[in-house]
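Engineer: Sharing a sequence plus its predicted fold:
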Amino acid sequence: MTLEDVGIAAGIPAPVSARVTRLDDRKVMWIEFDPSETAHPLSSQMTTIITEGLRTALDELIPVVLVVNSSGADIAEGVAPLHGWGLAARLLTKCSGRVPTFAIVDGPAVSGPALLLGLVDFVVMTSTSYAFVNGPLIIRQFTGVEISKDELGSASTMERSAGLATAVAGSREEGRDLIEAILTYLPDRVDAEPARLASSDDARRLTPEAGEYIPETATGSYDVRSIIESLVDDGEYLEIRPLWAQNIVTTFAAMDGRPVGIVANQPMALAGTLDIPASQKAARFVNLCDAFNIPIITLVDTPGFYPGKDLEWRGMIRHGAQLVYAYGQATVPRICVILRKSYGGAYIVMDSKKMGNDVCLAWPWAELAVMGAGQASAILRRGATDDERIAFESDYSERLLNPYIAAERGYVDDVIDPADTRSTICASLSMLSNKRDRRPSRRHGNSPL
């Protein structure tokens with residue numbers, strides 16, 4: 001990282017700076033709270049520097065990196081820092097979808113500064129940092145529950161349970177390195193294309209090993225990352241939020257040098273079913289890729305939505321609709337590959353043909369239906385004998401589950417050999433490279449948040 005500008009708000013005495021720097025030759029707006037063992041309370045002077053930095057990022061259309069170490073608004077100043085925090089939040093919201101935004105948390109991020117983290121695209125927390133809106137004292141006063149700050153909002157908790165942290169790093173420097181890696185897949189702004197990445201990996205390379213990872217039994221598990229590794233350039237990918245909602249994988253990679261975003265069901269966790277966290281994780285990633293012109297590849301192997309009354313009461317319908325909405329409004333090139341199972345509502349949600357994807361592919365053993373043969377038999381043949389159920393399941397599988405039936409009806413564009421998957425995707429990306437989808441003018445849709 002090299003300094004290019006001495007500062008955006010020079011002359012204001014405050015433990016925060018805003019300057020234009022370069023990360024791996026990419027110009028970014030770097031807004032940083034000074035390193036300190038004692039966290040800085042957020043003052044009005046500090047918010048002035050932060051807002052000036054964000055305005056400059058919007059004017060120059062360059063990515064934003066916010067390095068946070070703050071104990072919350074300065075109580076001694078009263079409402080002034082709250083006003084400044086509100087201005088910063090509004091400007092950060094304006095940055096959303098226009099330039100990539102990042103945060104590194106190195107220390108506490110409490111109250112207002114914590115909420116800023118929810119507005120950025122990627123959050124990297126150092127191992128000793130923590131974040132929460134209400135701290136242990138407030139929780140004890142309101143609920144009587146005793147909890148430590150680490151139990152409440154440690155980096156590992158924010159990574160595994162809350163889904164806030166994209167990753168945990170050992171230091172600010174390691175966090176900077178991760179941001180550099182993510183930026184290789186992103187453009188500087190909304191109206192730019194991601195840069196092609198150098199690779200000697202042949203776009204026509206065959207991938208017979210991809211199909212070999214699928215178990216012979218329909219209920220067998222496997223790591224979908226192995227398939228991703230076999231398909232992408234040089235086997236390299238950068239997974240986003242790997243420890244949260246592990247039943248879905250979201251990752252950046254390149255194919256024929258083109259940066260892509262990959263969304264894949266993970267059979268190793270909850271059998272690849274979709275639940276609330278998985279829907280939120282995938283929806284946010286799809287939105288991000290669509291905002292910054294990154295093609296989306298969806299690898300499907302899911303028996304449906306995870307069942308349970310608690311999920312339904314917590315809003316499975318609303319949150320599942322988030323993923324439907326994200327795919328439905330995405331205008332970037334979209335390629336779907338059905339690896340094994342695609343059942344029920346999850347078939348629609350995982351970027352089905354009728355959701356508007358550009359190319360829908362299936363492997364020869366893929367199953368597309370409302371449900372599997374066993375579940376259908378349990379519902380439709382409840383009073384049948386075992387032999388009658390076996391005969392029904394065999395007939396059901398033959399008539400309805402195979403991908404050729406879906407292809408005949410236009411729900412699948414092509415049934416391909418797994419060995420041809422990489423070459424077919426690369427050829428499709430080349431064909432779709434000039435795709436431009438214009439939508440009717442409107443302020444914005446009413447997303448099922």
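Structural biologist: Good, I have the coordinates. Numbering: from 1, shown residues only.

Engineer: What strand or helix carries the most centrally placed residue in the chain?
Structural biologist: Compute the mean C-alpha point of the chain, and by C-alpha atoms, centre = their mean the closest residue is Phe285, 2.8 Å away. Per DSSP states H and E, Phe285 falls inside helix 276-291.

Engineer: Which pLDDT value does the model give Leu197?
Structural biologist: Here, the pLDDT recorded for Leu197 equals 96.

Engineer: Verify the stated contact: it with Thr184.
Structural biologist: Yes. With contact defined as C-beta atoms under 8 Å, Leu197 counts as touching Thr184 (6.7 Å). Just so you know, the C-beta spots here come from the backbone N, C-alpha and C atoms, and that holds for glycine as well.

Engineer: what residues are shared contacts of those two?
Structural biologist: Common contacts of Leu197 and Thr184 (C-beta atoms under 8 Å, 6 or more residues apart in numbering): Pro259.

Engineer: Relative to Leu117, how far out is the nearest residue to Gly118 once chain neighbours are set aside?
Structural biologist: In space, and not counting its chain neighbours, Gly118 is closest to Leu164: 7.2 Å by C-beta to C-beta, 6 or more residues apart in numbering. As judged by C-beta to C-beta, to the nearest Å, Leu164 and Leu117 stand 6 Å apart.

Engineer: Please apply the same query to Ile228.
Structural biologist: Counting by C-beta to C-beta, the gap from Ile228 to Leu117 is 28 Å.

Engineer: next one: Gly328
Structural biologist: In terms of C-beta to C-beta, Gly328 sits 27 Å off from Leu117.

Engineer: who's in contact with the helix holding Phe285?
Structural biologist: For helix 276-291, using C-beta under 8 Å, 6+ apart, the contacting residues are 96-97, 121, 163, 190, 240-241, 244-245, 247-248, 250, 261, 263, 294-296, 311, 314-316, 319-320, 322-323, 325-327, 329-332, 349.

Engineer: If we use 6 Å, what do you get?
Structural biologist: 97, 121, 241, 245, 247-248, 250, 261, 263, 296, 319-320, 322-323, 326-327, 330, 332 (C-beta atoms under 6 Å, 6 or more residues apart in numbering).

Engineer: From those residues, which land in helices?
Structural biologist: 319-320, 322-323, 326-327 (DSSP state H).

Engineer: pLDDT below threshold where in the stretch 201-350 of the chain?
Structural biologist: For the stretch 201-350 of the chain, no stretch has pLDDT under 70.

Engineer: any chance you could map the strands in it?
Structural biologist: In the stretch 201-350 of the chain, the strands defined using DSSP state E, counting those that start in this stretch lie at 237-239, 248-255, 258-265, 296-302, 334-343.

Engineer: Next: the stretch 1-150 of the chain.
Structural biologist: Under DSSP E, counting those that start in this stretch, the stretch 1-150 of the chain gives strands at 2-3, 16-23, 26-33, 40-42, 64-73, 101-110, 122-126, 130-132.

Engineer: In JSON lines: the ones you listed, plus distance to Ala427.
Structural biologist: Below are the strands of the stretch 1-150 of the chain laid out as JSON lines (distance: least, C-beta to C-beta, whole Å):
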{"stretch": "strand 2-3", "distance to Ala427": "40"}
{"stretch": "strand 16-23", "distance to Ala427": "33"}
{"stretch": "strand 26-33", "distance to Ala427": "30"}
{"stretch": "strand 40-42", "distance to Ala427": "52"}
{"stretch": "strand 64-73", "distance to Ala427": "36"}
{"stretch": "strand 101-110", "distance to Ala427": "33"}
{"stretch": "strand 122-126", "distance to Ala427": "31"}
{"stretch": "strand 130-132", "distance to Ala427": "44"}
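
Engineer: Now stretch 276-290 - C-alpha only, PDB.
Structural biologist: Extracted C-alpha coordinates of stretch 276-290, given in PDB (Å, rounded to 0.1, in the frame of the first residue of the first chain):
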ATOM      1  CA  ILE A 276     -32.800 -18.800   6.300                       C
ATOM      2  CA  PRO A 277     -29.000 -18.100   6.700                       C
ATOM      3  CA  ALA A 278     -28.200 -19.900   3.400                       C
ATOM      4  CA  SER A 279     -30.900 -17.800   1.600                       C
ATOM      5  CA  GLN A 280     -29.600 -14.600   3.000                       C
ATOM      6  CA  LYS A 281     -25.900 -15.500   2.200                       C
ATOM      7  CA  ALA A 282     -26.700 -16.500  -1.400                       C
ATOM      8  CA  ALA A 283     -29.000 -13.500  -2.000                       C
ATOM      9  CA  ARG A 284     -26.500 -11.000  -0.900                       C
ATOM     10  CA  PHE A 285     -23.800 -12.500  -3.000                       C
ATOM     11  CA  VAL A 286     -26.000 -12.600  -6.100                       C
ATOM     12  CA  ASN A 287     -26.900  -8.900  -5.500                       C
ATOM     13  CA  LEU A 288     -23.200  -8.000  -5.200                       C
ATOM     14  CA  CYS A 289     -22.200  -9.900  -8.400                       C
ATOM     15  CA  ASP A 290     -25.100  -8.300 -10.300                       C
END
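
Engineer: Pull out the buried positions in that stretch.
Structural biologist: Residues 276-290 are the ones in stretch 276-290 that count as buried (16 or more other C-beta atoms under 10 Å).

Engineer: same thing with stretch 436-445?
Structural biologist: Of the residues in stretch 436-445, none is buried (16+ other C-beta under 10 Å).

Engineer: Cheers, nothing more for now.
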